[in-house]
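Enquirer: predicted model follows, preceded by the sequence.
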Amino acid sequence: MNTTLRTYAELVRAPAAITVPGDVVAGALAAGRPGIRRTTGLAASSVALYWAGMALNDWADRAEDATERPERPIPSGRLTPRAALATAIGLTGAGLGLAALAGGRRTLLRRTLPLAAAVWAYDLGLKSTPLGPAAMAAARALDVLHGTGPGRAAAALPAAAAVAAHTFAVTRLSRHEVDGAPTSEPKLSLATTTAIAGAGAAHLLATAGPRAATASAAQLPTPARLFSAAADGSHLGAPAASSVAALLAAAGTPDAPAARKSARDLVTGAALATYAGTCARAQTAVVRDPSAPRVRAAVGAGIHALLPLQATLVARAGAPLLALPLVAALPLVGRLARKVSST
């Protein structure tokens with residue numbers, strides 16, 4: 001990779017942006033407004049604002065990073081503070097412009113400007129205060145609502161709340177990336193993961209279709225299996241994938257509606273278990289050893305776990321085929337993060 005390009009990729013934590021479009025897609029589907037052109041444009045806008053926030057974060061933290069993270073682009077001398085700030089401003093402008101093109105003036109005013117304001121407020125003032133984690137959680141919730149466009153957002157609030165709760169716990173833990181964490185922090189993160197997974201499992205079982213309701217235990221996750229996944233870091237992708245393939249093959253039969261509903265339920269369960277396992281493996285390790293490297297690994301896992309969480313929300317909204325690429329992107333973002341850190 002070109003040296004300059006790599007420097008800017010590090011500045012904006014480029015691979016972590018893979019976790020952003022799923023917020024917008026989940027919001028659009030929850031609100032019943034998944035127009036391809038608008039959703040794609042708003043997702044691109046959110047990515048630009050995410051990268052802007054990362055660049056602004058490094059500009060705002062440049063003095064602190066000189067001591068704690070001297071390898072970052074600004075303190076290492078590879079990039080000037082002025083260039084980082086210009087990058088943040090330029091990407092913010094790009095994000096606003098893309099939103100205006102994709103969603104129009106109402107979307108820009110009602111959704112994109114509040115999201116951009118939340119990003120800048122977090123980086124320039126709220127990050128180092130007790131309100132920091134809540135501010136970051138609010139920004140991520142606004143990213144989900146970004147997908148609803150100019151219309152009513154009430155239907156997307158449950159999805160936004162799930163993403164916000166996860167983000168709140170990850171952000172709290174991220175405050176201890178340099179010096180290590182008290183054991184209460186990873187325990188809070190693990191409890192949050194368990195709560196989100198448990199609520200998702202309860203919803204899944206309450207709404208399971210007729211085929212899914214009679215599926216074998218190897219195919220349909222139960223709360224007990226989800227909590228087991230959270231404990232050992234496993235997931236249910238393989239058996240669920242074979243079941244989904246069979247159900248989708250039945251889409252042209254007289255049982256097509258039941259097959260589609262069961263495919264939705266099985267993808268939802270597999271994504272939810274993948275989310276639980278991805279988070280809890282690293283969180284459990286931090287509970288046992290709350291050192292700084294373990295904390296950083298858990299924060300990275302938490303960022304990446306947004307993908308299966310988004311997949312859960314997307315599948316639950318009735319789009320299991322759109323959820324599959326989100327889960328499939330999880331190994332990719334992990335590999336890319338080994339080259340350019342997500343934190």
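Expert: Nice, thanks for sending it over.
Enquirer: C-alpha from now on. contacts and neighbour counts both.
Expert: Fine.
Enquirer: can you give me the buried ones in the host helix or strand of residue 50?
Expert: For residue 50, the host element (DSSP states H and E) is helix 36-60. With burial defined by 16 or more other CA atoms under 10 Å, the residues of helix 36-60 counted as buried are 38-60.
Enquirer: mind checking how far whichever helix or strand comes after it is from the chain centre?
Expert: Proceeding N to C from helix 36-60, the next assigned helix or strand is helix 62-68, under DSSP H and E. Centroid separation for helix 62-68 versus its chain: 27 Å, with CA atoms, centre = their mean, to the nearest Å.
Enquirer: can you list the buried residues in helix 62-68?
Expert: Buried, per 16+ other CA under 10 Å, within helix 62-68: 62, 65.
Enquirer: restricting to C-alpha, output stretch 111-118 in PDB.
Expert: Taking Å, rounded to 0.1, in the frame of the first residue of the first chain, the C-alpha atoms of stretch 111-118 are listed here in PDB:
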ATOM      1  CA  ARG A 111     -31.100  13.100  10.000                       C
ATOM      2  CA  THR A 112     -27.700  14.000   8.600                       C
ATOM      3  CA  LEU A 113     -27.000  17.300  10.300                       C
ATOM      4  CA  PRO A 114     -27.900  15.900  13.800                       C
ATOM      5  CA  LEU A 115     -25.600  12.900  13.100                       C
ATOM      6  CA  ALA A 116     -22.700  15.200  12.000                       C
ATOM      7  CA  ALA A 117     -23.300  17.400  15.000                       C
ATOM      8  CA  ALA A 118     -23.100  14.400  17.400                       C
END
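Enquirer: so for that stretch, what gets flagged as buried?
Expert: Neighbour counts using 16+ other CA under 10 Å place 111-116, 118 of stretch 111-118 among the buried residues.
Enquirer: just stretch 196-208 next, same as before
Expert: Under 16+ other CA under 10 Å, the buried positions of stretch 196-208 are 196-198, 200-201, 204-205, 208.
Enquirer: just put these in JSON lines and tack on distance to residue 324 and secondary structure.
Expert: As requested, the buried residues of stretch 196-208 are exported to JSON lines (distance: CA to CA, whole Å; DSSP: H, G, I helix; E, B strand; the rest coil):
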{"residue": "196", "distance to residue 324": "20", "secondary structure": "helix"}
{"residue": "197", "distance to residue 324": "18", "secondary structure": "helix"}
{"residue": "198", "distance to residue 324": "21", "secondary structure": "helix"}
{"residue": "200", "distance to residue 324": "17", "secondary structure": "helix"}
{"residue": "201", "distance to residue 324": "18", "secondary structure": "helix"}
{"residue": "204", "distance to residue 324": "17", "secondary structure": "helix"}
{"residue": "205", "distance to residue 324": "20", "secondary structure": "helix"}
{"residue": "208", "distance to residue 324": "19", "secondary structure": "coil"}
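Enquirer: nearest to residue 189, of the buried residues of stretch 111-118?
Expert: residue 118 (22.9 Å; CA to CA).
Enquirer: against residue 125, how distant is that closest one?
Expert: 10 Å (CA to CA, to the nearest Å).
Enquirer: list the residues that contact the nearest residue to residue 114 once chain neighbours are set aside.
Expert: Excluding the flanking residues, the one nearest residue 114 by CA to CA, 6 or more residues apart in numbering is residue 142, at 7.6 Å. The contact partners of residue 142, taken as CA atoms under 8 Å, 6 or more residues apart in numbering, are 111, 114-115, 160.
Enquirer: may I ask which two of those are separated the most?
Expert: Maximum distance among the contacts of residue 142 (CA to CA): 14.6 Å, for 114 and 160.
Enquirer: hang on, the earlier thing: starting at the chain centroid, how far to the helix holding residue 50?
Expert: 13 Å.
Enquirer: report all helices and strands that that helix contacts.
Expert: The contact analysis (3 or more CA pairs under 8 Å, 6 or more residues apart in numbering; DSSP states H and E) places helix 36-60 against helix 3-12, helix 21-30, helix 81-107, helix 113-121.
Enquirer: contacts for the shortest one next, please.
Expert: Applying CA under 8 Å, 6+ apart, the contact partners of helix 113-121 are 49-50, 53, 56, 92, 96, 135-136, 138-139, 142-143, 146.
Enquirer: between it and helix 81-107, how many degrees?
Expert: Orientation of helix 113-121 against helix 81-107 (axes from the mean of the first three to the mean of the last three CA atoms, to 10 degrees) gives an angle of 160 degrees.
Enquirer: buried residues in the next helix or strand after helix 113-121?
Expert: The C-terminal neighbour of helix 113-121 among helices and strands, as given by DSSP H and E, is helix 132-146. Buried positions in helix 132-146, judged by neighbour count with 16+ other CA under 10 Å: 132-146.
Enquirer: over to stretch 21-41?
Expert: So, applying 16+ other CA under 10 Å, buried residues of stretch 21-41: 21-31, 33-34, 38-41.
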